[in-house]
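# Show me the folded form of this:
(2 chains)
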Protein chains: 2
Amino acid sequence: MEQKFEEKLIQIEPGEQKLRLDRIARHLQDAGIDAVLIADHANLFYLTGRVYCGFALVRADGTATYFVRRPTHLHGDHMQPIRKIEDMPALIGTLPSRLGLELGLIYYNTVERIRAAFGPGVEIVDATGVMRAVRSVKTPVQIDLMAQSGAKQTLVYKNIPKLYQEGMSDVELQIEIERSLRLHGCLGQFRVSGQDMEIFMANVLTGENADTPSPYDFAMGGAGMHPSLPVGADGTIIRPGLPVMVDANGNFTAYMTDMTRCYILGEPTDEAIRLNQLSADICRAISEAAVPGAKCSDLYNMAVEMVREAGAQDYFMGHRYHAGFVGHGVGIEINESPVLAPKSRDIIQQGNTFAVEPKFVVPGLGAVGIENTYAVTEGGTRRLTTAPEDIISFE
Amino acid sequence: MEQKFEEKLIQIEPGEQKLRLDRIARHLQDAGIDAVLIADHANLFYLTGRVYCGFALVRADGTATYFVRRPTHLHGDHMQPIRKIEDMPALIGTLPSRLGLELGLIYYNTVERIRAAFGPGVEIVDATGVMRAVRSVKTPVQIDLMAQSGAKQTLVYKNIPKLYQEGMSDVELQIEIERSLRLHGCLGQFRVSGQDMEIFMANVLTGENADTPSPYDFAMGGAGMHPSLPVGADGTIIRPGLPVMVDANGNFTAYMTDMTRCYILGEPTDEAIRLNQLSADICRAISEAAVPGAKCSDLYNMAVEMVREAGAQDYFMGHRYHAGFVGHGVGIEINESPVLAPKSRDIIQQGNTFAVEPKFVVPGLGAVGIENTYAVTEGGTRRLTTAPEDIISFE
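Residues are numbered from 1 along each chain as shown, chains lettered A, B, ... in the order given. Model prediction:
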């Protein structure tokens, strides 16, 4: 006889899940959408605490139905096994008049197939922004998961000097950092929203390579090891006096933190120390100003002003190519809301978690600067990435 | 003064690129499509030898225009810098009447934005299948890149027994394999087409965990380390007599090979040896039968027949959950055409490269079986993954 084998669909505590469902419901009501049919893995994970192949329908009254194609051994309330998209409408009961889909995150053909399955009586509208807004405000449980990631990432970063060996290239150091992250429980996966960013585990930059622009929407570039993934370390040997900037995967709990620190063989130059300190000062200033109600465009402009006063504007967020932001939301994915950029309309809210990364690329010196992840909590802004902020020597 | 800094857009030899352009052109002509506007990274890489942020327009006459948003330092013939989608139509000249897009691979909102930019005179049609068909037939240059990946992957697999240390868990062994792959030049990235598959670097399975179904479209499952990425190793300690199945990232050249081998602490049981040999026999039989013109459904059925004769059908491609294929195309991505499945309409052609993975999951024993990648060349079917096929002992 076959042994019975089942697993719970929902991997979040009921009270916590209700918080999230209610938040989605409120946003749906505000947007005049009757229900959202979620397909994106990050949004499914937000809602259920797991990734599965299927969909979740959340209605504006806060109820949900989970349509699961695979795996087939899950069970739980409000779960409906399906084999294909077309199975869903008959299982829903009264169809929503206005059905939200993540039109900015799912493929054209999938959307058209859903539209056909639900028929002409159901108006399809975009709910990408709804889900993005919902996820930009974290619950205390989510912030705690991020703090756990931050603590582990900090531990690994503190040990990076021990990983350096004489003659190493940027990518060789990166491989040892990858291993250390993994041994500390890093899940490896680097979730990004959308199709414009790709990266593997880390961006480690030293020397001239830091000034190579990349196609991706990251703060820093680098040529990478291959034109199929043109970002980050390119095999440059680590040399005395040139900072090594490490921006590595902080995903230990499916809620990631984002942290950058600089390391160096020998002693940093005065210019490197000055710009690294400027970066840390900007992080601190922004984190103090990021109170609920603060405009994210103002936070960006505050950074630019501090950079200008220090005469470092030519190097800010790149030299040949300047990235157009200084911070970004982070959580399940590395590019969430709010965005700290000149034209951002985002307003800081309690529950926001975001990374600030004022970085500099100086010809002849390379990349220098730090990055921290912060959470806006009831008690003020909390730093989740607590490794020392100075440039750390490998010796 | 700023130093001039440029890089060539096209990273493929002109003759080789012409082969690829002509192949796309021929498929467009057959499909009655005037031009395809490529956005998908894997398809952009196929065409140009690099990933960039932007688009490529390939016309049915075999000419191409490359629209580049980022990076901004590229140069080359037929290249047009753009800032946004809406810049493209004015740069094209005569607009195509029927414009193909990868409707199965790009987001709904992106498609609608392109449609609006090109105006009502341009009919948008699906070219996902065209690009999939084009890419399923590799040039000798591409097969050579895959052979290079296969050679490196084979080298790493041969060294896996040296990576095992007493008391290791599946994921601890995986981390050492990851490091070894990376030190041998593995790029890390695991390109998959579509939104239904996620994995990090490898699937390492031992014991009961092999029988946990996953949400993804892979041959094997495993619970994984976290419900946000529920596939593969789950922390099970490696125990004597239970095979450890290793299916790890073979992407060393942006053209990957796919290989699986089993390792063991102590000696394999007779049943493990028998099923592993059956798997190797099926691989060989399929590779010999995979001549141009062979039906992929027949190749699948040949595997099923051999499994039935051996009385192993309950364990084939899983036990609790059975995957519905025995092989798949591989190249830039892990899930290309042809597909070796019962309802596949694919016919083997010269230039196809595909993995065959007849695997078994046996209660009390775990996962056993092998996987090889083959290329259908003028001189016959060539095996690209040449590690020994037996179950290898860690000692």
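# Next SSE downstream of the longest helix belonging to chain A?
The single longest helix within chain A, with elements called by DSSP state H, is helix A:140-163. Later in the chain than helix A:140-163, the nearest helix or strand by DSSP states H and E is helix A:170-183.
# any residue of whichever helix or strand comes after that following helix up close to chain B?
Sequence-wise, the next helix or strand downstream of helix A:170-183 (DSSP H and E) is strand A:202-206. No: counting by C-beta under 8 Å from any C-beta of the partner chain, chain B is not contacted by strand A:202-206; separation bottoms out at 9.5 Å. Every C-beta, even on glycine, is put in place using the N, C-alpha and C of the backbone.
# residues making contact with strand A:202-206?
A:170-171, A:173-174, A:177-178, A:218, A:220, A:222, A:231-233, A:236, A:238-239, A:242-249, A:366-367 (C-beta atoms under 8 Å, 6 or more residues apart in numbering or on different chains).
# Using PDB, write down the CA coordinates of it.
What follows is strand A:202-206 as a C-alpha-only set of coordinates in PDB (Å, rounded to 0.1, in the frame of the first residue of the first chain):
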ATOM      1  CA  ALA A 202      27.200  38.700  -6.100                       C
ATOM      2  CA  ASN A 203      28.800  41.700  -7.700                       C
ATOM      3  CA  VAL A 204      32.500  41.900  -6.700                       C
ATOM      4  CA  LEU A 205      34.300  44.800  -8.300                       C
ATOM      5  CA  THR A 206      37.900  46.000  -8.300                       C
END
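# does A:Ala355 count as helix, strand or coil?
At A:Ala355, secondary structure determined by DSSP: H, G, I helix; E, B strand; the rest coil is strand.
# Quick check: it touching A:Glu333?
No: using C-beta atoms under 8 Å, A:Ala355 makes no contact with A:Glu333, being 11.7 Å away.
# more neighbours, the two?
A:Ala355 (28 against 25; other C-beta atoms under 10 Å in any protein chain shown).
# Next, work out how far apart that one and A:Ala60 are.
Distance of A:Ala355 to A:Ala60, given as C-beta to C-beta, to the nearest Å: 32 Å.
# re earlier: quick check on the contacts of strand A:202-206: which are buried?
Buried members of the contacts of strand A:202-206, scored by 16 or more other C-beta atoms under 10 Å in any protein chain shown, are A:170-171, A:173-174, A:177-178, A:218, A:220, A:222, A:231-233, A:236, A:238, A:242-249, A:366-367.
# Please narrow these to those residing in helices.
Counting by DSSP H, these place A:170-171, A:173-174, A:177-178 in helices.
# circling back to that earlier point, could you pick out which of the contacts of strand A:202-206 are near chain B?
When C-beta under 8 Å from any C-beta is applied, the members of the contacts of strand A:202-206 adjacent to chain B are A:Glu178.
# Which of the three states applies to the most centrally placed residue in chain A?
Closest residue to the average C-alpha location of chain A: A:Ile334 at 1.4 Å, with C-alpha atoms, centre = their mean. For A:Ile334, the assignment made with three-state DSSP gives coil.
# That one reaches A:Gly194, doesn't it?
No: between A:Ile334 and A:Gly194 there is no contact under C-beta under 8 Å: 10.6 Å.
# Tell me where chain A has helices.
So, for chain A - with DSSP H - the helices run A:14-31, A:41-48, A:88-92, A:108-118, A:128-136, A:140-163, A:170-183, A:270-289, A:296-309.
# Run through the neighbouring helices and strands of the fifth one.
Going back to what we said before, that points to helix A:128-136. Packed against helix A:128-136, as judged by 3 or more C-beta pairs under 8 Å, 6 or more residues apart in numbering or on different chains; DSSP states H and E, are the following elements: helix A:14-31, strand A:35-38, helix A:41-48, strand A:336-340.
# related to what we said a few turns ago, farthest pair in the ones in helices among the buried ones among the contacts of strand A:202-206?
Spatially, the most separated pair among those is A:Asp170 and A:Glu178, at 12.5 Å (C-beta to C-beta).
# if we can go back for a sec, most tightly packed of the helices of chain A?
Highest mean neighbour count among the helices of chain A (mean count of other C-beta atoms under 10 Å in any protein chain shown): helix A:41-48, with a mean of 24.
# list the buried ones in stretch A:375-395?
A:375-376, A:381-387, A:389, A:391-392, A:394.
# so which of the residues you listed comes closest to A:Ile12?
Closest to A:Ile12, out of all of the buried residues of stretch A:375-395 and judged by C-beta to C-beta, is A:Ala375, at 18.9 Å.
# The closest one contacts A:Leu384, doesn't it?
Yes: assessed by C-beta under 8 Å, A:Ala375 is found in contact with A:Leu384 at 5.9 Å.
# any shared contact partners between those two?
Jointly contacting A:Ala375 and A:Leu384 under the rule C-beta under 8 Å, 6+ apart are A:143, A:146-147, A:353.
# Pull the most distant pair out of the residues you listed.
A:Ala147 and A:Thr353 (9.7 Å).
# Which neighbours do those two have in common?
Going by C-beta under 8 Å, 6+ apart, residues that sit against A:Ala147 and also against A:Thr353 are A:375, A:384.
# domains for chain A, by residue range?
Chain A breaks down into these domains under automatic domain parsing: A:7-135, A:137-393.
# Make CSV out of those domains and add mean pLDDT.
Listed next are the domains of chain A as CSV, based on pLDDT from 0 to 100:
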stretch, mean pLDDT
domain A:7-135, 97
domain A:137-393, 97
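# Pull up the gap between A:Arg274 and chain B, please.
According to C-beta to the nearest C-beta, to the nearest Å, A:Arg274 and chain B sit 23 Å apart.
# if I pick the residue lying closest to that residue once chain neighbours are set aside, what's in contact with it?
Of all residues not flanking A:Arg274 in the chain, A:Ala310 sits nearest, at 7.6 Å (C-beta to C-beta, 6 or more residues apart in numbering or on different chains). Residues in contact with A:Ala310 (C-beta under 8 Å, 6+ apart) are A:274-275, A:278.
# 10 Å - rerun?
A:274-275, A:277-278, A:281-282, A:316, A:360 (C-beta atoms under 10 Å, 6 or more residues apart in numbering or on different chains).
# Likewise for A:Tyr315?
Counting by C-beta under 10 Å, 6+ apart, A:Tyr315 touches A:211, A:271, A:275, A:278, A:307, A:322, A:359-363, A:365, A:367-369.
# and if we set it to 8 Å?
Going by C-beta under 8 Å, 6+ apart, the list of residues near A:Tyr315 reads A:275, A:360-362.
# Just list whatever residues bridge to the residue nearest to it when sequence neighbours are not counted.
The shortest distance from A:Tyr315 to any non-neighbouring residue, by C-beta to C-beta, 6+ apart, is to A:Phe360 (4.1 Å). Listed by DSSP bridges, the beta-bridge partners for A:Phe360 are A:Phe316, A:Val368.
# Count the residues that sit near A:Phe360.
A:Phe360 - counted by other C-beta under 10 Å - has 29 other residues nearby.
# Please look at it and A:Phe316 and confirm they touch.
Yes: using C-beta under 8 Å, A:Phe360 is in contact with A:Phe316, at 6.1 Å.
# still on that earlier bit, of the buried ones among the contacts of strand A:202-206, which belong to strands?
Among these, the members found in strands (DSSP state E) are A:244-249, A:366-367.
# Which two among these are spaced furthest apart?
Within those, two members stand farthest from each other by C-beta to C-beta: A:Asn249 and A:Gly366, at 21.3 Å.
# which residue sits closest to A:Ser263, ignoring its sequence neighbours?
If you look again at residue A:263, you'll see it is Tyr, not Ser. Nearest non-adjacent residue to A:Tyr263, counting by C-beta to C-beta, 6+ apart: A:Val244, 4.7 Å away.
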